[in-house]
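J.: Quick check, what structure comes out for this input:
(chains A and B)
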There are 2 protein chains.
Amino acid sequence: MTLTRRDFARIGALGLAARFVPSALAQSNDRKTGYAVIGLGRIADHFMRGVRNTTNSKITALVSGHRDKAEKIAAQYGVASGSIYSYENFDEIAKNPAVEAVYVALPNSMHAEYTIRAAKAGKHVLCEKPMCLNVAEAEAMIAACKKANVKLMIAYRCHYEPTNLKAVKLIRDGALGQVQSIESPFGFNIRAGEWRLSKKLAGGGPLFDVGIYSLNACRYLTGEEPAQISAYASVIDKDGRFNEVEENVGWTMRFPSGIVASCTTTYGANMPGYFRVYGSKGWLQVDQAFVYEGLRLRGEFEGTKLDELNPARDPSHFQAEADHFSHCVQNGLEPQSPGEEGLRDMRYITEIYRTAGISI
Amino acid sequence: MTLTRRDFARIGALGLAARFVPSALAQSNDRKTGYAVIGLGRIADHFMRGVRNTTNSKITALVSGHRDKAEKIAAQYGVASGSIYSYENFDEIAKNPAVEAVYVALPNSMHAEYTIRAAKAGKHVLCEKPMCLNVAEAEAMIAACKKANVKLMIAYRCHYEPTNLKAVKLIRDGALGQVQSIESPFGFNIRAGEWRLSKKLAGGGPLFDVGIYSLNACRYLTGEEPAQISAYASVIDKDGRFNEVEENVGWTMRFPSGIVASCTTTYGANMPGYFRVYGSKGWLQVDQAFVYEGLRLRGEFEGTKLDELNPARDPSHFQAEADHFSHCVQNGLEPQSPGEEGLRDMRYITEIYRTAGISI
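T.: Numbering: from 1, shown residues only, chains lettered A, B, ... in the order given. Purely as a prediction, here's the structure:
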């Protein structure tokens, strides 16, 4: 599946619709898709709070290695005690009719396994990004979901977030004229001890974790797939954090139309994520583009000066994301960010690492 | 000559001194270095106004193909009618004792020729950036000035500009901790018909003209020389402007310490120049970093939040630059941005183009 500009405009509009009229959709349909949340870390908490704000989704099961923690959360979300699973008895979820879909919020290394096991259990899968550790895993995940006839969506929140979507729409509508170039950094100064620093668990360093936002943004902003990629990676701080994964990556991409994009990511410095797009008629920028709140759209083009702070607060992104996937599940639609979208990023990540001399 | 970090800190401090105490220097020395300005375009106007504000420099001759224009300017700056030269009789300047130095403000393709002719005439040379069209020309210019025992400085204004120097000093003083990465865009939407669009006159596109600021900034901000460079170039607008030179270039550089820098330049969009530096303890950014006024230094590091608008106005950069070169001429010092500095950028520009598939 290759997204054309037109496709993207269409599904972008769908994303907008899903975001802005959830109650309208729900009013005509009281059905709520039940989710089993697999992994109860920080992002699962955001997701569950988001689901609580939807009208078409609910949390119906939890999967965790910590029964105590799971029981507390189950009480908060009204999950039946019998719907708490461990990683060992997870496959029994197949017999639970309250679970229609799963949300995979595990370390990257477990995404493929639990997506495939969930598919085999007949559950639709919403899987966190990055999709998995490599292209082969991504292909296996897509094949498993196809075979089981369940939907697979990768949790690219920004595809469902109004400020990002507005930036895309302005660009598609020609507000910037011909786009020439994009820059997008995103990184943070990581603490020692995080699972993200284990190559086995994470697959790679900041590129897997946060750089993927910049990569993905350049693709949805242009509506094109990169034709050429070139990158450098480095480790500067010899303090033990970066024995397995890279600390910094900088990469340049050339898109078929000629648009050039420059991105950087790091685990060695706080680098608030943003993108800035330059076109023949002006520029636009979204600050805090990839975090849960505080998104700010600025721009200047053809006499317009834009400066809008999105008032939405965490967990509204997660609400929009869950809303969209449940809508797709309930109506037999393909999600806007299907497994193929994650596979594409996995291919580009592989290429970025390859040109930087890193094998994954 | 290779600049170490320590060298740069030293000469950076010299630059600061030259900027902030020109009258102190001048009070002990009433001598004014006389300049012949070669080429009377826009940038020459900025330079001449800058010189007027110094206490150690003056305009004593003009070189132009337009006698009328030159006479008007001569009247403004008190230049003797006999000190107006054409390109044909330029070499007679050797006999003019009022001319100690020249300022080369011609299209890039003429930099080498006039630098070498000026050196042969026994004049010191302040030459605009980009230094010339290619490495061979740069080497010939350096050799000619060495042979004639005259100084050669490339007019890298930002080396003498307080906001840029403050950013360098903060970084050298460790305010940002370990620098990890830098991004720097700079470009503009060019009008058809400019000499900058002629490969013969300009040597190349926006990389030669404005991208060089980003390239040079990454070098003075890190105090390192890029170890690896990779780039893409493109032409998107098929409107006749880019029949000879590229429209867009994006490039990534890896420095020996591991710092990664991403830069973009364009002739197809207005892209206000800035640089943003990310370190383990915080970040800093200079907006409008490469233009003549409006420079703004922002940053956050270790509890400090910085936001300073430099009140200096055009032509203060040119004043500082002329002040520095005259000071070097009068005291037998090597300029902070000698020919070798221009040669280095010429080598990196060549490498950027080479990796982008463009030969110069």
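J.: C-alpha only now, for contacts and for neighbours.
T.: Will do.
J.: Which helix or strand lies directly C-terminal to the strand ranked longest in chain A?
T.: Secondary structure assigned by DSSP state E gives strand A:179-187 as the longest strand of chain A. Downstream of strand A:179-187, the first helix or strand assigned by DSSP states H and E is helix A:199-202.
J.: contact partners of that following helix?
T.: For helix A:199-202, contacts defined as C-alpha atoms under 8 Å, 6 or more residues apart in numbering or on different chains pick out A:107-110, A:133, A:195-196, A:205, A:208-209, A:244-245.
J.: cutoff 7 Å now
T.: Residues outside helix A:199-202 that contact it (C-alpha atoms under 7 Å, 6 or more residues apart in numbering or on different chains): A:107-109, A:195-196, A:244-245.
J.: So which bits of the stretch 201-350 of chain A are right by chain B?
T.: With C-alpha under 7 Å from any C-alpha of the partner chain as the criterion, the stretch 201-350 of chain A comes near chain B at residues A:230, A:232, A:234-236, A:248-252, A:254, A:257-258, A:260-263, A:268-271, A:278-282.
J.: swap the cut-off to 6 Å and go again
T.: A:234, A:236, A:250, A:258, A:260, A:262, A:268-269, A:278-280 (C-alpha under 6 Å from any C-alpha of the partner chain).
J.: Any figure for the gap between residue A:155 and residue A:216?
T.: For residue A:155, the distance to residue A:216 (C-alpha to C-alpha, to the nearest Å) stands at 12 Å.
J.: Just want to know which of the two has more residues nearby.
T.: residue A:155 (27 against 19; other C-alpha atoms under 10 Å in any protein chain shown).
J.: Backbone dihedrals for the more buried one, please?
T.: Phi and psi for residue A:155, reported as degrees, to the nearest 10, are phi -80, psi 60.
J.: for the residue nearest to it when sequence neighbours are not counted, what are its contacts?
T.: Leaving aside its sequence neighbours, residue A:155 sits nearest to residue A:128 (C-alpha to C-alpha, 6 or more residues apart in numbering or on different chains; 4.8 Å). Neighbouring residues of residue A:128 by C-alpha atoms under 6 Å, 6 or more residues apart in numbering or on different chains: A:104-105, A:154-155.
J.: With pLDDT as extra columns, can I get those in JSON lines?
T.: JSON lines is the format used below for the contacts of residue A:128 (pLDDT from 0 to 100):
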{"residue": "A:104", "pLDDT": "98"}
{"residue": "A:105", "pLDDT": "98"}
{"residue": "A:154", "pLDDT": "98"}
{"residue": "A:155", "pLDDT": "98"}
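J.: among these, which are in strands?
T.: Residues of these located in strands (DSSP E): A:104, A:154.
J.: Just the buried ones from the contacts of residue A:128, in ChimeraX syntax?
T.: Buried members of those, defined by 16 or more other C-alpha atoms under 10 Å in any protein chain shown, are picked up in ChimeraX with:
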select /A:104,105,154,155
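J.: on that earlier part again, show me the residues of the stretch 201-350 of chain A next to chain B that map onto strands.
T.: Using DSSP E, the members of those that fall in strands are A:234, A:250, A:260, A:262, A:278-279.
J.: so what's the backbone phi/psi at the nearest residue to residue A:153 once chain neighbours are set aside?
T.: Residue nearest to residue A:153 in three dimensions, not counting chain neighbours: residue A:338, with 4.3 Å by C-alpha to C-alpha, 6+ apart. Residue A:338 adopts backbone torsions of phi -70, psi 180, taken as degrees, to the nearest 10.
J.: residues touching residue A:338, list them.
T.: Residue A:338 makes contact with A:152-154, according to C-alpha under 6 Å, 6+ apart.
J.: mind checking pLDDT for the spatially most central residue of chain A?
T.: With distances taken as C-alpha atoms, centre = their mean, residue A:156 lies nearest the centre of chain A, 2.3 Å away. Residue A:156 is assigned 98 on the pLDDT scale.
J.: Residue A:163 now?
T.: Turning to residue A:163, the model gives it a pLDDT of 98.
J.: And for it, the neighbour number?
T.: 22.
J.: Would you double-check that it falls in a strand?
T.: No: Residue A:163: not assigned to a strand; according to DSSP: H, G, I helix; E, B strand; the rest coil it is helix.
J.: That one and chain B, how far apart?
T.: 22 Å (C-alpha to the nearest C-alpha, to the nearest Å).
J.: before we move on, what about residue A:290?
T.: 18 Å.
J.: hang on, the earlier thing: now the contacts of helix A:199-202 in JSON lines, with pLDDT, neighbour count and secondary structure?
T.: Below are the contacts of helix A:199-202 laid out as JSON lines (pLDDT from 0 to 100; neighbours: other C-alpha atoms under 10 Å in any protein chain shown; DSSP: H, G, I helix; E, B strand; the rest coil):
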{"residue": "A:107", "pLDDT": "97", "neighbour count": "19", "secondary structure": "coil"}
{"residue": "A:108", "pLDDT": "98", "neighbour count": "26", "secondary structure": "helix"}
{"residue": "A:109", "pLDDT": "98", "neighbour count": "20", "secondary structure": "helix"}
{"residue": "A:195", "pLDDT": "96", "neighbour count": "12", "secondary structure": "helix"}
{"residue": "A:196", "pLDDT": "97", "neighbour count": "23", "secondary structure": "helix"}
{"residue": "A:244", "pLDDT": "97", "neighbour count": "16", "secondary structure": "coil"}
{"residue": "A:245", "pLDDT": "98", "neighbour count": "23", "secondary structure": "coil"}
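J.: Of those residues, which is the nearest to chain B?
T.: Nearest to chain B out of these is residue A:245 (C-alpha to the nearest C-alpha; 14.1 Å).
J.: The closest one touches residue A:204, doesn't it?
T.: Yes: with contact taken as C-alpha atoms under 6 Å, residue A:245 and residue A:204 are classed as touching, separated by 5.3 Å.
J.: What helix or strand is residue A:307 located in?
T.: Of the helices and strands defined by DSSP H and E, residue A:307 is found in strand A:304-309.
J.: what helices or strands is that strand leaning on?
T.: Using 3 or more C-alpha pairs under 6 Å, 6 or more residues apart in numbering or on different chains; DSSP states H and E, the elements in contact with strand A:304-309 are strand A:296-301.
J.: what pLDDT, on average, does the strand it packs on get?
T.: 98.
J.: same deal with stretch A:67-78?
T.: If you average the pLDDT over stretch A:67-78, you get 98.
J.: Let me see the contact set for the residue in the stretch 101-250 of chain A that chain B sits nearest to.
T.: Nearest to chain B, among the residues of the stretch 101-250 of chain A, is residue A:234, at 5.0 Å (C-alpha to the nearest C-alpha). Contacts for residue A:234 (C-alpha under 6 Å, 6+ apart) come out as A:246-248, B:258.
J.: Let's have these in JSON lines, adding pLDDT and distance to residue B:114.
T.: Output for the contacts of residue A:234, formatted as JSON lines (pLDDT from 0 to 100; distance: C-alpha to C-alpha, whole Å):
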{"residue": "A:246", "pLDDT": "98", "distance to residue B:114": "48"}
{"residue": "A:247", "pLDDT": "98", "distance to residue B:114": "47"}
{"residue": "A:248", "pLDDT": "98", "distance to residue B:114": "44"}
{"residue": "B:258", "pLDDT": "98", "distance to residue B:114": "39"}
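J.: Name the member of the residues you listed with the shortest distance to residue A:299.
T.: residue A:248 (28.6 Å; C-alpha to C-alpha).
J.: Excluding sequence neighbours, find me the nearest residue to the closest one.
T.: Leaving out its chain neighbours, the residue that sits closest to residue A:248 by C-alpha to C-alpha, 6+ apart is residue A:266, at 4.3 Å.
J.: can I assume that neighbour is in contact with residue A:247?
T.: Yes: the pair residue A:266 and residue A:247 passes the contact test of C-alpha under 6 Å, sitting 5.5 Å apart.
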